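Asks: A structural model of the following input is requested.
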Amino acid sequence: MIAAIILAAGQSKRMGQPKMLLPWGATTMLGQIVETLQSADMKEILVVTGAERERVEQIVAQYGVRSSPNLASGEMLSSMQVGLRVLRDNASVAAALICLGDQPQVQDGSVRAVTEAFEARKSSLVVPSYRMRRGHPWLVARPLWEEILAMSPTESPREFLNRHAGEIEYVNVDNPSILADLDTFEEYLKSRPL
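Replies: Predicted coordinates:
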């Protein structure tokens, strides 16, 4: 089984207000990501919360998915580590799909392309690519989890991916949404559905 980890613990400093709670169509940014993952048949979804934890967890509860708080820093690596620690207790989870909480534009087809590539070939890393640029969500198989869990706070997921560059299976997608996260309110206003 593949489980998704949504990194939703950040403090949204550049946005100026909690990103996960911003309206997106009929839901919120976080709600849209959960809906996209559910539409792509992800059965196990874990949201790592942090800033605005109570309000974010109210959204999580509406979708019947699990959450776990990142009480450290809310940084991407520490949130990944929180999620992987939760998932490693479930022996049936063979890989984790790492999803950004501020990428509501990602399409279920991109998610399926990554998960289907893993199901077909069991690569240790599967990363979506648009015009030779890697994006999210990307997948890491269980044998590499301990390395991520052992990483220090000064390291980043990018450094991990660079160390394993030769092992990455790239999946080409025809949608640039895998590259775009929303950091500022201007980016949000330009991207949100009307």
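
Asks: switch to C-alpha atoms for all contacts and neighbour counts from now on
Replies: Will do.

Asks: Return the set of buried residues in stretch 154-171.
Replies: In terms of neighbour count (16 or more other C-alpha atoms under 10 Å), stretch 154-171 has its buried residues at 156, 168-171.

Asks: Actually, stretch 131-144.
Replies: 134-142.

Asks: Which residue ranges of this protein form strands?
Replies: 2-8, 23-24, 27-28, 44-49, 66-69, 95-100, 125-130, 133-134, 138-141, 168-172 (DSSP state E).

Asks: Could I get those strands in CSV, plus columns for mean pLDDT and distance to Met151?
Replies: As requested, those are exported to CSV (pLDDT from 0 to 100; distance: least, C-alpha to C-alpha, whole Å):
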stretch, mean pLDDT, distance to Met151
strand 2-8, 94, 17
strand 23-24, 84, 34
strand 27-28, 90, 32
strand 44-49, 93, 18
strand 66-69, 87, 19
strand 95-100, 95, 16
strand 125-130, 93, 17
strand 133-134, 86, 21
strand 138-141, 96, 15
strand 168-172, 93, 19
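
Asks: can you list the ones you listed in TSV and add distance to Ala150?
Replies: As requested, those are exported to TSV (distance: least, C-alpha to C-alpha, whole Å):
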stretch	distance to Ala150
strand 2-8	18
strand 23-24	36
strand 27-28	33
strand 44-49	18
strand 66-69	19
strand 95-100	16
strand 125-130	18
strand 133-134	24
strand 138-141	15
strand 168-172	20
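
Asks: Show me the one of the ones you listed that comes nearest Tyr188.
Replies: Closest approach to Tyr188 among the strands of the chain is made by strand 23-24 (9.4 Å; C-alpha to C-alpha).

Asks: Neighbouring strands of that closest one in the sheet, and parallel or not?
Replies: strand 27-28 (antiparallel) (DSSP bridges).
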